[in-house]
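[1] The amino acid sequence is not available; the structure is as follows:
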Ligand SMILES: Cc1cc2nc3c(=O)[nH]c(=O)nc-3n(C[C@H](O)[C@H](O)[C@H](O)COP(=O)(O)OP(=O)(O)OC[C@H]3O[C@@H](n4cnc5c(N)ncnc54)[C@H](O)[C@@H]3O)c2cc1C
């Protein structure tokens, strides 16, 4: 089994998109995933000189290796925003999450990116009558408050989204879809480079300080004088260049395996091509790939950097647990990446020490990172009002200095609650 992302093997990173580090720029973006690249694309087209630095290869964070599942809403559930901040802000944020779905397919179309979009909807999967009752209650809230046309599929219809396995109920969201994430983000990298953004790989931003009206940013490749800084580091955020930002998110690992292509058998399990996930704390997400593999993702526990062989064995156990008929099917690839989980499970845009940032998508970031990078660039260009994601306070905890010592107890607690179905 290869310990590399299948998506990047299927569609390798484009060549000739990187540049050397310039000495100055209007905007320096730290992080070359979807957040950083959509911001860079809009800023460059808006006439700004832009440099994007990444400590690894271009788009080698979560954006090229994720499950490729796109759907509205935030990890916390938009109901939380209604309850804490009122209907008006709740509706505004909901509308932003709807735009975050559209912007992915719109950008793929306008930038001529063949992202292998699979329009089969998104389905949350559950087991038993309790899950169905919970799903009905949740969906009726969403229908009333934000007007979705989601359906709860009971035992008679769940086979429309998941053809086998123990699942007896599903929430079906027809607007959800899947992409090949490496194709999408590498396409955006090519567009940003073609628009004039300078993409600098293997260049870590280590610190920054105020310098006249702008900033002096120190990187491992040298200093850069810039007008504005955008931190787009999500799950790869460390205390370099901002210890304050590192206190506001918890990096969490997520791991994926794919089987070899099993065309008809994969279609029998995902007949309509839906993106699916189990509604649990330590959840699994599962889909069919465009070339007829089955992809399953999740985690044994919340830590980043887990052993890939052990993660593959655990994911295989979960896959066979759901679909015993796949016992004979070999896995071909395993890989992992990092999510950014904020304490309130709400994405945030804001400023630390004068630098802008957008992050905290908590595993729900394909659409939201694309939207928030684009919106942040629009704000810097004076073309957009403040994003709704600037309007919710971004909490940290007094005991958190960027070292998530609590992940082991949290993993045990979540596993127990999942087992008890709570
Ligand atoms: C395994 C996995 C599966 C996922 N599945 C889904 C899914 O199906 N649907 C969904 O909506 N979301 C999913 N997500 C989440 C989604 O991929 C992310 O929310 C999104 O890609 C974040 O994009 P980003 O640009 O903000 O960050 P990233 O793409 O993670 O990029 C951050 C970049 O910052 C760079 N960096 C960090 N610090 C520095 C520094 N000091 N200097 C220079 N560079 C730096 C890193 O090298 C990295 O390249 C998944 C994530 C993972 C890991």
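    Now that the structure is in, tell me what you want to look at. Note that the structure is predicted; figures quoted are calculated from it, not measured.

[2] low pLDDT regions in the stretch 51-200 of the chain?
    Applying pLDDT under 70 to the stretch 51-200 of the chain picks out no residues at all.

[3] Tell me the residues of it that contact the ligand?
    Counting by CB under 6 Å from any ligand atom, the residues of the stretch 51-200 of the chain close to the ligand are 53-56, 60-63, 65-69. Every residue, glycine included, has its C-beta placed from N, CA and C.

[4] Name the nearest of those relative to residue 372.
    Residue 372 has its nearest neighbour among those in residue 63, at 12.6 Å by CB to CB.

[5] Now which of the residues of the stretch 51-200 of the chain next to the ligand would you call buried?
    Buried by 16 or more other CB atoms under 10 Å: 53-55, 60-63, 65-69, out of these.

[6] Looking at the residues of the stretch 51-200 of the chain next to the ligand, which are in strands?
    When these are checked against strands (DSSP state E), the matches are 53, 69.

[7] Switch the residues of the stretch 51-200 of the chain next to the ligand over to CSV; also include distance to residue 175.
    Formatted as CSV, these follow (distance: CB to CB, whole Å):
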residue, distance to residue 175
53, 35
54, 31
55, 35
56, 33
60, 29
61, 26
62, 22
63, 21
65, 24
66, 19
67, 17
68, 15
69, 12
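
[8] Could you work out the most separated pair of the buried ones among the residues of the stretch 51-200 of the chain next to the ligand?
    Distance extremes for those: the farthest pair is 53 and 69 at 28.4 Å, using CB to CB.

[9] Let me see the mean pLDDT of stretch 348-356.
    Per-residue pLDDT over stretch 348-356 has a mean of 98.

[10] meant to ask about stretch 228-243, not that
    98.

[11] Report the buried residues of it.
    Judged by neighbour count using 16+ other CB under 10 Å, the buried positions of stretch 228-243 are 228-237, 240-242.

[12] mind putting those in TSV, distance to residue 159 and secondary structure included?
    Listed next are the buried residues of stretch 228-243 as TSV, based on distance: CB to CB, whole Å; DSSP: H, G, I helix; E, B strand; the rest coil:
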residue	distance to residue 159	secondary structure
228	52	strand
229	51	strand
230	45	strand
231	45	strand
232	41	coil
233	42	coil
234	36	helix
235	35	helix
236	39	helix
237	42	coil
240	50	coil
241	51	strand
242	49	coil
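
[13] What residues sit buried inside stretch 190-210?
    Within stretch 190-210, the residues that count as buried by 16+ other CB under 10 Å are 190-193, 195, 197-201, 203-205, 208.

[14] quick check, stretch 382-399 touching the ligand?
    No: Stretch 382-399 does not reach the ligand (CB under 6 Å from any ligand atom); its nearest approach is 12.4 Å.

[15] Which parts of stretch 13-29 count as buried, going by neighbours?
    Neighbour counts using 16+ other CB under 10 Å place 13, 17-18, 21-22, 25-29 of stretch 13-29 among the buried residues.

[16] all helices of the protein, in order?
    6-10, 34-45, 78-85, 87-110, 129-146, 181-194, 243-246, 263-269, 308-322, 365-380, 407-419 (DSSP state H).

[17] Can I get the ones you listed in JSON lines including distance to residue 389?
    Shown next, in JSON lines, are these (distance: least, CB to CB, whole Å):
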{"stretch": "helix 6-10", "distance to residue 389": "27"}
{"stretch": "helix 34-45", "distance to residue 389": "11"}
{"stretch": "helix 78-85", "distance to residue 389": "11"}
{"stretch": "helix 87-110", "distance to residue 389": "7"}
{"stretch": "helix 129-146", "distance to residue 389": "17"}
{"stretch": "helix 181-194", "distance to residue 389": "20"}
{"stretch": "helix 243-246", "distance to residue 389": "15"}
{"stretch": "helix 263-269", "distance to residue 389": "36"}
{"stretch": "helix 308-322", "distance to residue 389": "31"}
{"stretch": "helix 365-380", "distance to residue 389": "6"}
{"stretch": "helix 407-419", "distance to residue 389": "25"}
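
[18] tell me the centre residue of the protein?
    Nearest residue to the geometric centre of the chain (CA atoms, centre = their mean): residue 365, 2.7 Å.

[19] quick one: contacts for residue 217?
    28, 205, 207-208, 223-226, 229, 241 (CB atoms under 8 Å, 6 or more residues apart in numbering).

[20] ok, 10 Å please
    Contacts here follow CB atoms under 10 Å, 6 or more residues apart in numbering; on that basis residue 217 touches 21, 25, 28, 30, 51, 53, 205-209, 211, 223-226, 229, 241, 355.

[21] Show the contacting residues for the closest residue to the ligand within the stretch 201-350 of the chain.
    Residue nearest to the ligand within the stretch 201-350 of the chain: residue 337 (2.7 Å; CB to the nearest ligand atom). Each residue near residue 337 by CB under 10 Å, 6+ apart is listed here: 5, 33, 60-67, 234-236, 253-256, 297, 304.

[22] coming back round to it: now intersect the contacts of residue 217 with the strands, please.
    Among those, the members found in strands (DSSP E) are 25, 28, 30, 51, 53, 205-209, 211, 223-226, 229, 355.

[23] related to what we said a few turns ago, so which of the helices of the chain is the most surrounded?
    helix 34-45 (a mean of 29; mean count of other CB atoms under 10 Å).
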